[in-house]
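predicted model and sequence below, questions to follow.
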Amino acid sequence: MRDAQAPITFYRKDYTAPNYKISRTDLTFTLNPSRTKVASRLEFEVWDHSNPDNLPLELDGEDLELDQVLLNGEKLDATRYTQSHTGLTIHNPGREGVLEITVYIQPDQNTRLEGLYVSNGNFFTQCEAQGFRRITYFSDRPDVLSQFTVTLIANEATHPVSLSNGNLIEEKKLGEGLHMTRWEDPFPKPAYLFALVAGRFVCQEETVKKGNGKPALLQVWVEPGNLDKTDFAMQSLKKSIDWDRERFGLELDLDRFMIVATADFNMGAMENKGLNIFNTKFVFANPELATDVDFENVESVVGHEYFHNWTGNRVTCRDWFQLSLKEGLTVFRDQEFSADMMAEGLDEVQADSARAVKRIEDVKVLRAAQFPEDAGPMAHPIRPDSYQEINNFYTVTVYEKGAEVIRMQHTLLGEQLFQRGMQIYFERHDGQAVTCEDFVGAMETALQEAHPELDLKQFRHWYSQAGTPEVSASWTQTNGQLVLTLKQNCRPTPGQAIKPAFHIPVKLGFVEKASGRDVPLQLESNTNALHGDVLDFTESTQTFVFTGLDKPVVPSLLRSFSAPVILQSAHTTDDLIFLAGHDNDPFNRWDACQKIYGKAILDIYLQRGLTDGANTQAAVQIVENLLKDKQLSDGFLALALQLPSEGTLLEAFDGLVDPVAMHFARTTLRDLLACTFGADFKAIYYARNLTGQPYSYNAVAASQRALKNVALAYLVAAGADEELNVAKAQYAASNNMTDRMAALSNIVHNGPGNPPELAEFFERFNNEALAVDKWFMLQATVPASNENVNTLQTMRELLKHPSFTLKNPNRARSLLAAFAMQNPSVFHSHSGDGYALWADLVIELNTINPQVAARMARGLDRWTKLVPALQEKAHKQLERVLDTDKLSPDVREVIGKALDAATH
């Protein structure tokens with residue numbers, strides 16, 4: 001039965017400051033898995049001294065058993081406060097005072113993994129965004145900053161380690177098997193940055209010197225038996241600290257910095273002040289268990305959470321509508337960190353290529369995940385105007401598009417002025433909870449210090465407008481001039497039908513056809529739209545006249561993907577082939593390849609398998625040229641040889657689409673290239689298949705493995721048993737997870753069902769949860785083109801597997817997210833069975849962990865883009881989910897907006 005309770009919508013425009021500050025918070029936890037006592041002591045005062053005397057003190061709280069409330073030492077009776085299922089209101093508390101509250105909670109019943117919960121017998125917390133209210137009554141909003149002291153009382157035998165934010169100031173034995181630790185955090189923080197961990201742990205620790213010469217203790221805590229997986233995380237933390245000091249001038253401000261890993265975690269990691277809590281997926285890394293991508297992700301996420309220490313903790317968000325203030329900025333910083341780490345120790349040419357590879361990888365994520373979100377029912381600006389459930393707005397728009405908006409400011413200002421803007425930002429706002437506008441204001445001040453005539457007024461539209469701008473580019477070149485015309489348009493999104501023009505930085509170059517070299521950019525006089533190689537595109541239609549171009553050139557536009565837009569250019573197929581071979585911007589060189597591949601696949605899709613079109617011939621030409629070019633790095637070539645993902649292709653198709661047919665169109669081009677260049681791929685493979693060589697994770701070695709495994713995928717795609725045996729041989733000989741997973745993926749996705757290697761993998765790694773996640777994921781993503789396997793039947797069997805549980809987010813994602821979001825050819829099966837299975841699991845997850853269920857519910861965001869027969873089946877399952885009894889607000893918002901899309 002559909003829940004009759006109407007969802008509550010919160011609006012950014014309705015922000016008001018709280019009635020009271022909470023300057024100090026003292027918490028005492030008596031930890032017990034089934035019944036934990038939480039005693040709080042809150043020192044409060046009116047937020048604004050002009051406020052009247054009789055304002056209520058409103059505290060948030062959910063699923064709490066209230067024991068008692070004391071105000072200034074006096075126990076309050078029930079007439080002095082009002083308790084509801086969402087909070088506690090103290091009537092007439094006075095202008096200042098001390099409030100003491102005692103509650104009880106049940107951590108071992110907390111399957112939502114929000115607040116305080118138990119995982120494998122150990123206590124953990126997750127408080128962002130609104131988990132602290134599930135621990136005790138508090139003003140659980142990011143603009144209330146309080147200085148915390150935390151006392152933890154626990155059983156010494158079962159929970160010998162107990163940690164919280166800040167510095168350990170006291171520890172002692174209490175008798176009766178109990179022990180106590182007391183922690184003090186010197187920095188005021190909002191409740192979402194509170195953390196507590198207690199249980200059986202071991203740690204790797206190192207002491208490092210801070211910039212001022214003082215020591216700091218770094219610790220990585222894990223459950224016993226996992227210490228050998230922490231070396232890389234520790235090295236990543238040390239690199240992050242050094243990089244932030246050198247690149248941004250930001251120093252570690254704590255005497256102790258801790259990371260703790262848990263297998264049960266809704267997110268990737270959490271930046272709690274001084275006590276980061278991580279999903280094991282982003283801490284554990286050694287050659288036996290982690291792929292190159294895993295190593296890269298560990299380094300990136302460790303960096304991301306550490307960088308939050310300043311961009312998120314020292315300066316935090318005023319309200320959750322400002323989430324991108326910390327997340328967009330910190331993703332940009334971690335992307336820059338990762339690019340620099342990939343380039344570390346390489347010569348200039350190799351370093352530039354390594355940075356380009358990182359940029360391409362980031363844009364692939366943006367196009368595959370964020371562009372569809374911007375075109376779908378959950379479209380929202382990076383600073384949303386409204387939400388029903390804030391957990392649903394931890395999105396690729398807020399994070400990855402948010403990072404692109406920061407990157408555009410970096411592009412417009414340049415490194416020096418951007419760093420000046422960061423300096424102004426911290427000078428103005430250190431220790432405050434602020435808004436996105438405050439950040440842009442700091443950048444604008446830095447810009448105007450150097451260029452008083454410039455501003456970021458129009459640029460602010462990137463914060464307020466949803467959708468992906470579409471830019472069309474056309475040009476003519478005659479008499480030494482090139483006339484470039486740019487037009488921009490942004491399609492309507494929910495609540496935003498018409499949008500003013502964006503300020504789009506267009507980084508560009510002109511590549512001379514005869515020489516392949518860039519020619520100088522010279523804009524016609526009396527315009528200041530060109531700054532170096534960046535063009536300010538600020539109107540709906542704008543024409544720019546470039547001079548001094550005596551020889552034919554091909555424009556290279558949006559270099560380094562200088563703005564998150566969809567470019568429709570007047571490039572001919574010959575132009576794209578030329579740019580794929582000669583563009584001096586690696587990103588655009590890769591992108592030219594992708595455009596040719598995409599055109600060829602769409603032709604095959606529309607022609608139902610015919611491969612004799614001009615675009616298909618161009619794709620063959622592109623690959624031939626790439627394979628002949630001996631100057632390309634392995635990392636770049638590996639990316640340039642890969643076809644666009646099915647998700648990217650589905651989104652690029654302008655019309656209703658059949659994902660199954662699109663899969664077979666893509667497979668057709670892949671197989672054609674595999675057969676045409678089989679000898680080349682074999683040569684690439686064997687030149688890099690250096691068996692017996694010890695594994696090392698670095699940019700060069702990872703690039704060699706990436707290219708080798710791309711070549712292996714093409715070899716296996718050729719379809720002969722001989723090539724499948726190459727994958728089997730690689731699996732048997734592998735001494736690292738990168739090569740083992742690449743081989744197993746090819747065997748499982750292309751060969752007969754239930755290969756012996758699959759059973760061997762599980763037998764080898766059945767005690768390693770992250771490896772078992774990989775085992776599930778591989779089987780959930782077997783495509784429809786493998787006629788040997790019925791993936792839907794496999795899914796049903798795997799759901800009954802003893803190692804499967806929906807209670808662990810990683811395990812749930814390994815099957816359901818992999819199936820619904822990475823296997824479109826089976827998920828969108830014409831039978832509709834994929835949708836029915838998805839609905840079953842979303843409904844079940846809703847009762848266990850609504851936050852994870854809502855993420856899985858996003859699998860049918862773009863159902864209105866499907867062909868009518870699939871739309872009908874998808875609509876039926878969406879309605880079934882919405883009709884579920886006791887549907888969580890998290891899932892209701894996602895499904896409701898998806899269904900609303902049918903009326904727009």
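Looks like it came in fine. Since the model is a prediction, treat every value here as computed from it, not as a measurement. Numbers count the residues shown, from 1 in each chain.

output the below-cut-off pLDDT ranges for the protein.
1-5, 526, 904 (pLDDT under 70).

which residues are in contact with L837?
If a contact means CB atoms under 8 Å, 6 or more residues apart in numbering, then L837 has L792, M795, R796, F819 as its contacts. Where you see a C-beta, it was placed from the backbone N, CA and C, and this is true even at glycine.

just the buried ones from the residues you listed?
Burial by neighbour count, judged by 16 or more other CB atoms under 10 Å, picks out L792, M795, F819 from the contacts of L837.

where's the first one relative to H828, distance?
Put plainly, it is L792. 12 Å (CB to CB, to the nearest Å).

pick the one among the contacts of L837 closest to T864.
F819 (20.9 Å; CB to CB).

hang on, the earlier thing: farthest-apart pair in the contacts of L837, please.
Spatially, the most separated pair among the contacts of L837 is R796 and F819, at 11.1 Å (CB to CB).

domain boundaries for this protein, per the record?
What the record gives for the chain is the domain set 316-464, 470-563, from automatic domain parsing.

select, out of these, the one closest to D739.
Across the domains of the chain, closest to D739 is domain 316-464 (CB to CB), at 19.1 Å.

gap between the two ends of that closest one?
20 Å (CA to CA, to the nearest Å).

show me the contacts for K239.
E299, G303, F337, M341.

same thing but at 7 Å, please
Residues near K239 by CB atoms under 7 Å, 6 or more residues apart in numbering: M341.

can you confirm it is in a helix?
Yes: with DSSP: H, G, I helix; E, B strand; the rest coil as the criterion, K239 is part of a helix.

about what we covered before: export the domains of the chain as a markdown table, with columns for distance to R880 and mean neighbour count.
Output for the domains of the chain, formatted as a markdown table (distance: least, CB to CB, whole Å; neighbours: other CB atoms under 10 Å):
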| stretch | distance to R880 | mean neighbour count |
| --- | --- | --- |
| domain 316-464 | 17 | 20 |
| domain 470-563 | 23 | 17 |
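
reformat those as JSON lines; add distance to G213.
Shown next, in JSON lines, are the domains of the chain (distance: least, CB to CB, whole Å):
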{"stretch": "domain 316-464", "distance to G213": "22"}
{"stretch": "domain 470-563", "distance to G213": "38"}
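
quick one: which of these is nearest D890?
D890 sits nearest to domain 316-464 of all the domains of the chain, at 4.7 Å, using CB to CB.

run the chain-centre distance for that closest one.
What separates the centre of domain 316-464 from the centre of its chain is 13 Å, taken as CA atoms, centre = their mean, to the nearest Å.

just stretch 152-160 next, same as before
35 Å.

show me which residues of that stretch are buried.
Buried residues in stretch 152-160, counted by 16+ other CB under 10 Å: L152, I153, A154, H159.

residues contacting the first one?
I take that to be L152. F29, L31, S162, S164, M180, T181, L196, A198.

of these - the most surrounded one?
Among the contacts of L152, S164 has the most neighbours (other CB atoms under 10 Å), with 29 neighbours.

that one against W183, yeah?
Yes: the pair S164 / W183 is scored as a contact, 3.8 Å apart, by CB atoms under 7 Å.

scan the chain for its longest helix.
helix 402-429 (DSSP state H).

just the terminal-to-terminal distance for stretch 799-816.
Using CA to CA, the two ends of stretch 799-816 sit 10 Å apart.

buried ones in that stretch?
For stretch 799-816, burial by neighbour count (16+ other CB under 10 Å) applies to L799, F804, L806, N808, P809, N810, R811, A812, R813, S814, L815, L816.

how far off centre is it?
Computed by CA atoms, centre = their mean, the chain-centroid distance of stretch 799-816 equals 21 Å.

so of the contacts of L152, which ones are in strands?
Judged by DSSP state E, these include F29, S162, S164, M180, T181, L196, A198 as members of strands.

closest to D140 out of these?
L196 (15.4 Å).

that closest one bridge partners, please.
Note on L196: beta-bridge partners by DSSP bridges are S164.

please tell me I have it right and it contacts F123.
Yes: counting by CB under 7 Å, F123 is a contact partner of L196 at 6.4 Å.

and for those two, which residues touch both?
Counting by CB under 7 Å, 6+ apart, the residues touching both L196 and F123 are L116.

which residues does the closest residue to S560 other than its chain neighbours contact?
Excluding its sequence neighbours, the residue lying closest to S560 (CB to CB, 6 or more residues apart in numbering) is F587, at 5.1 Å. If a contact means CB under 7 Å, 6+ apart, then F587 has A356, R359, I360, R559, S560, F561 as its contacts.

let's see which of those residues end up in helices.
If you go by DSSP H, the contacts of F587 have A356, R359, I360 in helices.
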